[in-house]
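**Student:** Sequence and predicted model, in that order:
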Amino acid sequence: MSDALSKPRSTPGTEPKPPRPVLHSPADDIPDGAKVMLAVIGIASAIALLVWGIPRGYHWARAQDWHHFTQWAATIDRPVHTYLAAHTTGLPITAASAYVLWQGIGLGSLALGWATGSTGARLTWIAYGAATGWMVWAASPATGRPVAAALAVLAWTIGSLFALRGLSLRPLIHLHNHNHNHNHPAR
């Protein structure tokens, strides 16, 4: 009878719960020797890249004929520079400052759109592409205007692969089930 009195009575649902398992990192399962070997391989790969990879890449780049790329860039860049020079007269900003601003906004919105996925950066990238397309169209010679604008749009779409990555036009649908029967006898 003394045993029955010394044990506290437990009500249903108040039994002690088993201890929670201790969480551990997956890296804890890798043996220390394997970690050291991976570090040695990583350092050796970095040294090999610095010693052989970068110089070979540099020499390869110098040996290439880049005139196609530079012509494409000039087809976009010159009309933009011409447009800005013609349309900044009388403004407090110089054509050179507007040109540097145009380059900075393009590069900044591309980088921020890619790195952060920010809606503002993506909208800025889209506006930048529209403004660049318009400047190229307006300042290109009449005979080459469609080709110059098409090349500007192609360059902008290549940048959009990065600036707009992860953007989906599919609608996001959230389904919530609020049909809980609070008077159900099983509860």
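**Tutor:** Here it is on my side, so go on. From a predicted model like this one, the values you see are computed outputs, not experimental measurements.

**Student:** can you map out the helices along the chain?
**Tutor:** Assigned by DSSP state H, the helices in the chain fall at 2-6, 32-48, 54-63, 67-87, 95-116, 119-139, 145-163.

**Student:** ranking the ones you listed by burial, who's on top?
**Tutor:** For the helices of the chain, the largest average neighbour count (mean count of other Cβ atoms under 10 Å) is found in helix 119-139, namely a mean of 18. All C-beta spots, glycine's among them, are computed from the backbone N, C-alpha and C.

**Student:** how far off helix 145-163 does it point, in degrees?
**Tutor:** Relative orientation of helix 119-139 with respect to helix 145-163: 170 degrees, computed using axes from the mean of the first three to the mean of the last three Cα atoms, to 10 degrees.

**Student:** Show me the contact partners of helix 119-139.
**Tutor:** Helix 119-139 has contacts (Cβ atoms under 8 Å, 6 or more residues apart in numbering) with 75-76, 78-80, 82-84, 86, 102, 105-106, 108-110, 112-113, 145, 148-149, 151-153, 156, 159-160, 163-164, 167.

**Student:** At the geometric centre of the chain, which residue do we find?
**Tutor:** Trp114 (2.4 Å; Cα atoms, centre = their mean).

**Student:** Contact partners for the closest residue to that one other than its chain neighbours?
**Tutor:** Residue nearest to Trp114 in three dimensions, not counting chain neighbours: Phe162, with 4.4 Å by Cβ to Cβ, 6 or more residues apart in numbering. Residues counted as contacts of Phe162 (Cβ under 8 Å, 6+ apart) are Leu110, Gly113, Trp114.
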